[in-house]
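> Let's see this in three dimensions:
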Amino acid sequence: MNHVARFRMLERGDASRVISGLEQRFDLIREPEQRVQRVVYETFDWRFLAAGSVLEHRRSADSGVLLWRSLSTGELLGQIATDTVPRFAWELPHAPTVDRMASITEVRALVPLVSLDSRLDVHRVVDDEGKTVARLTLDRTRISDGEELPAVLELAPVRGYGEEVRSAAELLSAQMTLVPEPDDVVMIALRSVGFAPGSYSSKLRLSLDRGSTARQAWTVVLRALFATMQANESGLRGDVDSEFLHDFRVAVRRTRSVLADAKDVLDPDVRAWARGEFRWVGQITSPPRDADVFLLAFPEFEAALPPERRNDLKPFGSFLLDEQRRAHGQLVAALDSQRYRDLVTQWREHLEAEPNGNDGVDPERTPDAAQPAIAVAGARIRKAHRRVIRRGRAIKPTSHPEELHELRKDAKRLRYLLECFGSLYPSDLVTPVVRELKGLQEVLGDFQDSQVQADAIERFGQQMIERNGASAATLLAMGSIVEHLDTQGLAAQESFRHRFERFDTKAVRRSVKRIHRGRHISTSAEDHA
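Reported below is the predicted structural model:
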């Protein structure tokens, strides 16, 4: 037994009797009762939970400690003495644990979710040699200023002693006053205050009905994308971390792409209005995202300079922070505008009013609406694929950068179609296409980013001169970064042909062709289930 065994105490249960019963079979050593305040931290997209762990800050009378532990085994993955928890993991006192934590959170902020007041009665289970083989913890927790949670008895084996505690777990299972509890107290607390652990992911998780019509499938996709926008808006407004704006923008871009490929599926008037409004949302979110990207890349810019010149770049970093704050303020003002409020209200009303069936379909205005989604989406995926192939084959070493930029936009459009409608088709058709498309997009993205960032740095340098002046050393350092970006762009351009040839293969074309034809795809209820 290598996993934690958890049991919930029934209301009539007496924990002391349960523990006394164990003492007749095992040697238990009681530790002093712990009274701790606990604050559970997570990222917005539940990265610690996805890694099978939980992060909590515990404060006792005289100290604070950040504990990172496994949910399944109870093993302590990391422990950092700190009285406060910073916004980002990398801001914690440096330690190997911090590096591991930061590799999970990346750029996501640590968000406090729930505060708890706990009484922990811990007994060490020891063997004949006096070695601790497990810890038995009675966890009596109350949500701060809230309800009392069920008492939980947890048996956590020490690594290497799993078999020794199996009989203790069996004895606890036989107790009439205990029932198995699959969740950690933290998970119980989160659900109690209204959280749904693991509910949000930046990945689009759709399972479309393979028997649906095109209008039904398009509506389901657009509803999911709108829900993602809404889920991220609060964190975006609060500037909690850069990923809220990123995920919001991705949902907007996907929405625009789905609308672009909704001709003859959605009402043309609604489609035209929505395309214009979401294009505007894309425009107002671009400046703050550009600033975020520069700030995220700033450590790389510093690393590209010799150590003795890195301080010369600090004024540029301060300028970027000011630009990010200014752009974020303008974005929030735009989100507070009547235009945005009208967009949200009208788009929600339209999506909610869209019927699930085919009632009201006008075959003259939306001739593809009542057609099978598999056929309509498949045709548009194949068309988008052909556009990528045609433009990619035309790229030469002497091609203008704008041609690579247009190819990147075509590749994004194909990617969004595959992500949004891919669940209509067997994964063995969609996965290889997406895999090679991702590789192509990475090269195109690296090239585009280097071009855009190099041009922007030159523009920023001029603005710094006009506003407050900029030292020659800072401008020279910024010039070195431009050279660094130019080198990266050249490397990406040189690797383009190899990545494109990996995408432009018979295997990928065969998968796209089968997606288009809908071969081996059953629409029966049994197959879909």
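
> And the strands in the stretch 1-150 of the chain?
Assigned by DSSP state E, counting those that start in this stretch, the strands in the stretch 1-150 of the chain fall at 5-9, 27-30, 34-42, 53-59, 64-70, 76-81, 111-126, 132-143.

> The third one pairs with which strands, parallel or anti?
Spelled out, that is strand 34-42. The sheet places strand 34-42 alongside strand 53-59 (antiparallel), strand 111-126 (antiparallel), with pairing taken from DSSP bridges.

> which other residues reach that strand?
Residues outside strand 34-42 that contact it (C-beta atoms under 8 Å, 6 or more residues apart in numbering): 48-49, 54-61, 85, 110-120, 122, 141, 144, 186, 189-190. Every residue, glycine included, has its C-beta placed from N, CA and C.

> again, 6 Å this time
Here strand 34-42 makes contact (C-beta atoms under 6 Å, 6 or more residues apart in numbering) with 48, 55-60, 110, 112-120, 186.

> and these, which are buried?
48, 55-58, 110, 113-118, 120, 186 (16 or more other C-beta atoms under 10 Å).

> top helix in the protein by residue count?
helix 427-467 (DSSP state H).

> Quick check: the most centrally placed residue in the chain vs D45, distance?
For the chain, S202 is the residue whose C-alpha lies nearest the centre (C-alpha atoms, centre = their mean; 3.7 Å). Taking C-beta to C-beta, to the nearest Å as the measure, S202 falls 6 Å from D45.

> what do you get for A227?
Per C-beta to C-beta, A227 is found 14 Å from D45.

> Compare these two (neighbour count), which wins?
Per other C-beta atoms under 10 Å, whichever of A227 and D45 has more neighbours is D45, with 20 against 13.

> isn't that one right next to Y200, touching?
Yes - with contact defined as C-beta atoms under 6 Å, D45 counts as touching Y200 (5.5 Å).

> Break the protein down into its structural domains.
By the assignment in automatic domain parsing, the chain contains the domains 5-192, 214-358+369-518.

> Can you lay out the ones you listed as TSV showing mean pLDDT and distance to L206?
TSV is the format used below for the domains of the chain (pLDDT from 0 to 100; distance: least, C-beta to C-beta, whole Å):
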stretch	mean pLDDT	distance to L206
domain 5-192	89	17
domain 214-358+369-518	94	5
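
> Include distance to L208 when you put those into CSV, please.
Output for these, formatted as CSV (distance: least, C-beta to C-beta, whole Å):
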stretch, distance to L208
domain 5-192, 23
domain 214-358+369-518, 5
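
> In terms of helices and strands, where is the closest residue to L335 other than its chain neighbours?
In space, and not counting its chain neighbours, L335 is closest to R237: 6.6 Å by C-beta to C-beta, 6 or more residues apart in numbering. Using DSSP states H and E, R237 falls within helix 214-238.

> Can you give the contact residues for that helix?
44, 200, 206, 208, 244-245, 247-248, 251, 254-255, 258, 262, 265, 332, 351, 354, 368-369, 371, 373, 376, 420.

> Please name every helix or strand in contact with the helix or strand following that helix.
Per DSSP H and E, the first helix or strand lying C-terminal to helix 214-238 is helix 242-260. Applying 3 or more C-beta pairs under 6 Å, 6 or more residues apart in numbering; DSSP states H and E, one finds that helix 242-260 contacts helix 214-238, helix 268-303, helix 401-421.

> okay, the ones you listed in CSV with distance to P96 next?
Formatted as CSV, those follow (distance: least, C-beta to C-beta, whole Å):
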stretch, distance to P96
helix 214-238, 29
helix 268-303, 19
helix 401-421, 36
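
> do you know which of the ones you listed lies nearest S16?
Between S16 and these, the tightest spacing by C-beta to C-beta is seen for helix 214-238, at 45.3 Å.

> how far off helix 401-421 does the closest one point, in degrees?
Counting by axes from the mean of the first three to the mean of the last three C-alpha atoms, to 10 degrees, helix 214-238 lies at 110 degrees to helix 401-421.

> Can you mark which positions in helix 214-238 are buried?
Residues of helix 214-238 classed as buried under the neighbour-count rule (16+ other C-beta under 10 Å) are 214-222, 224-226, 228-229, 231-233, 235-236.

> Also stretch 416-429?
Y416, L417, L418, E419, C420, F421, G422, S423, L424, Y425, P426, L429.

> Show me what it is in contact with.
With C-beta under 6 Å, 6+ apart as the test, stretch 416-429 has contacts from 204, 206-208, 210, 221, 254, 257-258, 373-374, 377, 381, 384, 430, 434, 511, 514-515.

> Repeat that for stretch 104-120.
Counting by C-beta under 6 Å, 6+ apart, 34-43, 47, 51, 85, 87, 89, 137, 139-142, 144, 189-190, 193, 240-243 sit against stretch 104-120.

> Check stretch 441-452 too.
The contact list for stretch 441-452 (C-beta under 6 Å, 6+ apart) reads 401, 404-405, 408, 411, 485, 488-489, 492-493, 495-496, 499.

> what about dumping the CA coordinates of it to PDB?
Backbone C-alpha positions of stretch 441-452 (Å, rounded to 0.1, in the frame of the first residue of the first chain) are rendered in PDB as follows:
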ATOM      1  CA  GLN A 441       3.600  26.900 -36.300                       C
ATOM      2  CA  GLU A 442       6.500  27.000 -33.900                       C
ATOM      3  CA  VAL A 443       9.000  27.900 -36.600                       C
ATOM      4  CA  LEU A 444       6.600  30.400 -38.200                       C
ATOM      5  CA  GLY A 445       5.900  31.900 -34.800                       C
ATOM      6  CA  ASP A 446       9.600  32.200 -33.900                       C
ATOM      7  CA  PHE A 447      10.200  34.000 -37.200                       C
ATOM      8  CA  GLN A 448       7.200  36.300 -36.800                       C
ATOM      9  CA  ASP A 449       8.000  37.100 -33.200                       C
ATOM     10  CA  SER A 450      11.600  38.000 -34.000                       C
ATOM     11  CA  GLN A 451      10.500  40.400 -36.800                       C
ATOM     12  CA  VAL A 452       7.800  42.000 -34.700                       C
END
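
> and it, how far from the chain's centre?
Between the centre of stretch 441-452 and the centre of its chain there are 22 Å (C-alpha atoms, centre = their mean, to the nearest Å).

> Would you mark the buried spots in it?
In stretch 441-452, counting by 16+ other C-beta under 10 Å, buried: Q441, V443, L444, D446, F447, Q448, D449, S450, Q451, V452.
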